[in-house]
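Q: whatever this is, show me its structure:
(one chain, ligands or ions: 1)
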Amino acid sequence: MILTDQEKKMLDGQYGKGFQKAMEIVVTLAKTYDAEKLIKISSAHLGTTFKSHGIEGLEWVEDLVEEGARCNLKEVFVTLNPRSFDIDHWREIGFDEEAVANQERLDRCYRRLGTIPLHSCVPYLLGNVPIKGDHFSWSGSSGQVFANSVLGAMGNREGVWANVAAAITGRTPEYGLHLKENRIGQVLVTMGDLDVSRFSAYEYALLGYFVGKEINDQIPVFSGFPKYLTMEQLRGLAYSLPVGGAVPMFHFLGLTPEARTYEEAFGGKGPNRKLTVRSRDLRMVYDLLNTTQRRDVDLICLGCPHCTLEELHEVAYLLEGKRIHENVGLWFCTSRWFKDLADRLGYRETIERAGGFILADICAGPSAPFNYLKKGISVVATNSVKTAFYAPGTSKVDVRFGDTKSCIEAAIHGRWEI
Ligand code: F3S
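A: You can find the predicted model right below:
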């Protein structure tokens with residue numbers, strides 16, 4: 001494998017032990033994937049829940065920092081994914097002191113490492129925006145699929161250690177989606193009896209979940225869709241495709257950067273499979289995600305991926321002058337930046353007057369706060385395919401899944417009505 005002089009120096013320990021350990025991880029990964037060389041990245045986004053690190057992972061990052069490892073923000077823009085709790089509301093939502101102490105210890109490490117504490121899984125809406133052809137190393141499948149597909153930047157799905165090592169060294173092995181030939185479309189996806197011109201972001205998420213289940217880790221090319229899609233619709237598709245399977249990226253014919261034409265999307269080869277999606281397919285996955293027929297709900301949790309300002313505007317509108325049922329909780333997980341804007345725009349006041357919370361910085365999915373709750377929550381309602389998919393396994397709860405309006409209705413009545 002070819003290493004530059006600077007990379008060899010890092011590996012030999014000339015930049016200090018922290019850099020050496022990080023480079024050893026990058027080189028080991030490169031050997032595992034038979035990469036011929038390392039490439040420079042311009043962007044990194046790191047996972048930061050204590051749950052995803054455990055005590056061993058926490059101590060590993062602490063050692064790296066003690067041994068002098070630091071990010072160089074002039075070369076790599078490094079931001080952070082959600083953490084485990086909101087500093088303003090951890091008591092109300094039931095966190096215990098030990099979980100808070102461990103997360104704060106991890107936060108301190110990442111601060112010393114020199115990262116930017118964005119604590120959101122929509123970094124592409126908050127300033128971490130690699131452009132077409134840039135290489136990146138991001139934690140979190142939803143952002144990784146969005147950056148590859150919609151931005152045309154190039155990055156693989158990797159674990160916590162590989163992301164941290166890439167952020168420190170500014171390098172990642174050249175393999176997988178860093179190579180153009182591995183980014184061409186494989187499955188042509190068209191619609192049967194579905195009118196996609198009216199699809200909401202929620203319906204795009206259902207579509208993505210179904211397609212991901214069907215094609216697993218192949219790259220779909222969607223054809224026959226409107227020539228313009230909103231950020232919300234693209235985000236709905238990007239986050240849901242890797243939930244049911246392991247789709248690394250997608251193309252939209254005539255819309256996304258590497259699919260301006262049919263030839264470009266399929267690399268001049270044509271698809272190896274065609275998939276037509278019908279309304280009964282979406283109904284089938286909708287039924288799968290609803291794990292109970294019980295009507296009483298305990299908690300309504302939205303924001304996986306993090307709520308956008310548009311979503312917070314929508315829920316504030318739906319909650320205007322209303323009060324949620326006394327037996328339910330209502331949480332909207334988002335970034336601190338959107339929470340602050342929601343505050344200035346009056347959405348937060350409307351939501352809190354209705355009895356809900358906007359929670360900043362925290363994850364609403366597999367590392368969701370209700371994992372930590374001691375009090376009984378047995379049915380969670382959500383509009384998120386990802387929360388619905390993971391919550392029964394990780395949090396041992398049943399799920400009611402539906403669109404935003406259904407979730408807000410459930411919060412007001414304390415019952416799932418559709
Ligand atoms: Fe974001 Fe956590 Fe969901 S990181 S996409 S809220 S699983």
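Q: show me what contacts the closest residue to the ligand within the stretch 51-200 of the chain?
A: As assessed by CB to the nearest ligand atom, the ligand sits closest to Cys121 within the stretch 51-200 of the chain, at 3.1 Å. All C-beta spots, glycine's among them, are computed from the backbone N, C-alpha and C. The contact partners of Cys121, by CB atoms under 8 Å, 6 or more residues apart in numbering, come to 81-82, 140, 142-143, 304-306, 363.
Q: try it again with 6 Å
A: 81-82, 140, 142-143, 305-306 (CB atoms under 6 Å, 6 or more residues apart in numbering).
Q: low-confidence stretches in the stretch 301-418 of the chain?
A: For the stretch 301-418 of the chain, the stretches flagged by pLDDT under 70 are 366-375.
Q: just the helices from it, written as ranges.
A: 309-319, 336-344, 347-354, 385-395, 404-413 (DSSP state H, counting those that start in this stretch).
Q: and the first one, what other elements does it pack with?
A: Translated: helix 309-319. On a contact count with 3 or more CB pairs under 6 Å, 6 or more residues apart in numbering; DSSP states H and E, helix 309-319 meets helix 336-344, helix 347-354.
Q: 7 Å instead?
A: strand 329-334, helix 336-344, helix 347-354, helix 404-413 (3 or more CB pairs under 7 Å, 6 or more residues apart in numbering; DSSP states H and E).
Q: with mean neighbour count as added columns, please give the ones you listed in TSV.
A: What follows is these, written out as TSV (neighbours: other CB atoms under 10 Å):
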stretch	mean neighbour count
strand 329-334	27
helix 336-344	18
helix 347-354	19
helix 404-413	21
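Q: make a markdown table out of the ones you listed and add distance to Asn72.
A: Output for those, formatted as a markdown table (distance: least, CB to CB, whole Å):
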| stretch | distance to Asn72 |
| --- | --- |
| strand 329-334 | 29 |
| helix 336-344 | 24 |
| helix 347-354 | 36 |
| helix 404-413 | 41 |
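Q: turn the ones you listed into a markdown table, columns for distance to the ligand.
A: Shown next, in a markdown table, are the helices and strands packed on helix 309-319 (distance: least, CB to the nearest ligand atom, whole Å):
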| stretch | distance to the ligand |
| --- | --- |
| strand 329-334 | 6 |
| helix 336-344 | 13 |
| helix 347-354 | 18 |
| helix 404-413 | 15 |
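Q: which one of those lies closest to Phe199?
A: helix 404-413 (14.2 Å; CB to CB).
Q: show me the contact partners of that closest one.
A: Contacts to helix 404-413, defined as CB atoms under 7 Å, 6 or more residues apart in numbering, come from residues 202, 297, 300, 302, 314-315, 318-319, 322, 324-325, 328, 330, 381-383, 400, 416-418.
Q: filter these to the buried ones?
A: Those of those that meet the buried threshold are 202, 297, 300, 302, 314-315, 318-319, 324-325, 328, 330, 381-383, 400, 416, by 16 or more other CB atoms under 10 Å.
Q: may I have the beta-bridge partners of the residue lying closest to Arg171 once chain neighbours are set aside?
A: Using CB to CB, 6 or more residues apart in numbering and skipping the chain neighbours, the partner closest in space to Arg171 is Leu38 (4.1 Å). Following DSSP bridges, Leu38 is listed with bridge partners Pro173.
Q: separation between Leu38 and Ala166?
A: Using CB to CB, to the nearest Å, Leu38 is found at 9 Å from Ala166.
Q: do Glu326 as well
A: For Glu326 relative to Ala166 (CB to CB), the value is 48 Å.
Q: now Tyr124
A: In terms of CB to CB, Tyr124 sits 18 Å off from Ala166.
Q: more neighbours: which of the two?
A: Ala166 (31 against 24; other CB atoms under 10 Å).
Q: and that one, what element?
A: helix 160-169 (DSSP states H and E).
Q: what does the chain have sitting close to the ligand?
A: 81-82, 121, 140, 142, 239, 304-306, 333, 363-367, 386 (CB under 6 Å from any ligand atom).
Q: and these, which is closest to Leu113?
A: Nearest to Leu113 among these, with distances taken as CB to CB, is Asn81, at 14.1 Å.
Q: number of nearby residues for Cys109?
A: 21.
Q: ok so Val211 is a helix residue?
A: Yes - counting by DSSP: H, G, I helix; E, B strand; the rest coil, Val211 is located in a helix.
Q: quick one: pLDDT of it?
A: pLDDT for Val211: 98.
Q: how much space between it and the ligand?
A: Separation of Val211 from the ligand (CB to the nearest ligand atom, to the nearest Å): 18 Å.
Q: repeat for Lys396
A: 17 Å.
Q: that residue: neighbour count?
A: 11.
Q: also Lys274?
A: Considering only other CB under 10 Å, Lys274 is surrounded by 11 other residues.
Q: for it, what are its contacts?
A: Applying CB under 7 Å, 6+ apart, the residues near Lys274 are Leu188.
Q: what helix or strand is it on?
A: Taking DSSP H and E as the criterion, Lys274 maps to strand 273-277.
Q: how about the CA coordinates for that strand, as CSV?
A: Provided in CSV are the C-alpha atoms of strand 273-277 (Å, rounded to 0.1, in the frame of the first residue of the first chain):
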residue,chain,number,x,y,z
ARG,A,273,-32.9,-5.7,-11.7
LYS,A,274,-36.1,-3.8,-12.1
LEU,A,275,-38.5,-3.1,-9.2
THR,A,276,-42.0,-1.7,-9.5
VAL,A,277,-43.5,-0.4,-6.2
